[in-house]
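K.L.:
this one's structure only:
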């Protein structure tokens, strides 16, 4: 069956495409056709376009669902706009979190709607409007398409986490790193997770390993509430504490292992963590640095200044932060205090 198209010269194709989009007449379900020096845009209704002619053609069958957001937006965004489109986006539960440059903010709704049409498992498209900030590590988000909510349930390594992406910090990119740390926990260990968020490290360790006890501390009241819910949801035994690690940690005794997943400020809390470790206790220290070696040297120097002898067991790159800085985890063992 023949379908409607608008036929225009290539030199005015971009102007015509924008006009069709503004009028809501561009048919995103069919491919754009190139015929010599002409471009044929699929339309949903007869719509006049300057310099254009309404024609009929056999609608080319779509080969398959687009494999990426960029592919889905081809023909919707200009080549220049496609060049600005980020290569990926975060997925937390059924929420996609986009980070768009200023040049694409006017197209946030069409990008969000196209994303949801392309990936049927996603129900919400949210735009990151501000970086992670405040003492609660909260980022600004705006829902631009789909269901009007920021709450979701994220599944990772068989564990489920309730959270609100507008109120709680959670990075799906750290799933593999969380499992790397959890897999090192030995049976009978007493483990402390500082800056625990909604509980991804604590729940995974308690669920996957056989620790004697897992204690998790989180300052953000909303995240701490979800952490307690997530422990129950996953039937994981965790002592969940809402409070400041500086106040709570000295009251909790000694630990065999401490996780410090706060790369921006963890160095400011080593003076709290180190006294809470048993001899030969292990710390997983997160940092932003130019290389794993740089982080290893930094934490070794800090521990020395605090009067502790350590052994660096490993330094692992586990994600990027900026073109110059990456996220690094330094695994280190406390050998004792300097005499």
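P.N.:
Here it is on my side, so go on. Since we're looking at a predicted model, the values are computed, not measured. Residues are numbered from 1 along each chain as shown.

K.L.:
How about the backbone phi and psi for the residue nearest to residue 77 when sequence neighbours are not counted?
P.N.:
Excluding its sequence neighbours, the residue lying closest to residue 77 (C-beta to C-beta, 6 or more residues apart in numbering) is residue 107, at 6.5 Å. Quick note: C-beta positions are derived from backbone N, CA and C, even for glycine. Backbone geometry at residue 107, expressed as degrees, to the nearest 10, gives phi -100, psi 20.

K.L.:
pLDDT value on residue 107, please?
P.N.:
Reading off the per-residue confidence, residue 107 sits at a pLDDT of 95.

K.L.:
can I assume it is in contact with residue 81?
P.N.:
Yes. Here residue 107 lies in contact with residue 81, judged by C-beta atoms under 8 Å, at a distance of 6.6 Å.

K.L.:
who has more neighbours, those two?
P.N.:
residue 107 (20 against 16; other C-beta atoms under 10 Å).

K.L.:
how near is the more buried one to residue 70?
P.N.:
Going from residue 107 to residue 70 by C-beta to C-beta, to the nearest Å gives 13 Å.

K.L.:
same deal with residue 106?
P.N.:
Plainly put, residue 106 is 18 Å away from residue 70 if you go by C-beta to C-beta.

K.L.:
out of these two, which sits in the busier spot?
P.N.:
Here residue 106 and residue 70 are set side by side on neighbour count (other C-beta under 10 Å), and the busier one is residue 70, at 15 against 10.

K.L.:
pLDDT score assigned to that one?
P.N.:
Among the per-residue scores, residue 70 shows a pLDDT of 90.

K.L.:
and residue 116, how many neighbours does it have?
P.N.:
Taking other C-beta under 10 Å as the definition, residue 116 ends up with a neighbour count of 20.

K.L.:
thought it was touching residue 126?
P.N.:
No. Using C-beta under 8 Å, residue 116 is not in contact with residue 126, being 11.0 Å away.

K.L.:
overlap in contacts of those two?
P.N.:
residue 96 (C-beta atoms under 8 Å, 6 or more residues apart in numbering).

K.L.:
in terms of contact, does residue 164 touch residue 222 like I think?
P.N.:
Yes. Using C-beta under 8 Å as the test, residue 164 is close enough to residue 222 to be in contact (6.7 Å).

K.L.:
Give me the nearest residue to residue 273, chain neighbours excluded.
P.N.:
Closest residue to residue 273 in three dimensions, ignoring its sequence neighbours and counting by C-beta to C-beta, 6+ apart: residue 258, at 5.0 Å.

K.L.:
got it, and residue 37?
P.N.:
Among residues not flanking residue 37 along the chain, residue 10 sits closest, at 5.7 Å (C-beta to C-beta, 6+ apart).

K.L.:
show me what contacts the one you found?
P.N.:
Here residue 10 is in contact with 37, 38, 39 (criterion: C-beta under 8 Å, 6+ apart).

K.L.:
Show me just the buried residues among those.
P.N.:
Buried by 16 or more other C-beta atoms under 10 Å: 38, 39, out of these.

K.L.:
any low-confidence regions in the protein?
P.N.:
Filtered on pLDDT under 70, the chain yields the residue ranges 60-65, 132-136, 339.

K.L.:
what domains does the record give for it?
P.N.:
With automatic domain parsing serving as the domain definition, the record reports that the chain contains domains spanning 2-58, 69-149, 171-337.

K.L.:
With distance to residue 160 as added columns, please give those domains in TSV.
P.N.:
Conversion of the domains of the chain to TSV gives the following (distance: least, C-beta to C-beta, whole Å):
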stretch	distance to residue 160
domain 2-58	34
domain 69-149	9
domain 171-337	6
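
K.L.:
who's in contact with residue 125?
P.N.:
The neighbourhood of residue 125, defined by C-beta under 8 Å, 6+ apart, consists of 95, 96, 98, 111, 112, 113, 115, 116, 143, 144, 145, 146.

K.L.:
let's go with 6 Å and repeat that
P.N.:
Neighbour list for residue 125: 96, 112, 115, 116, 144, 145, 146 [criterion: C-beta atoms under 6 Å, 6 or more residues apart in numbering].
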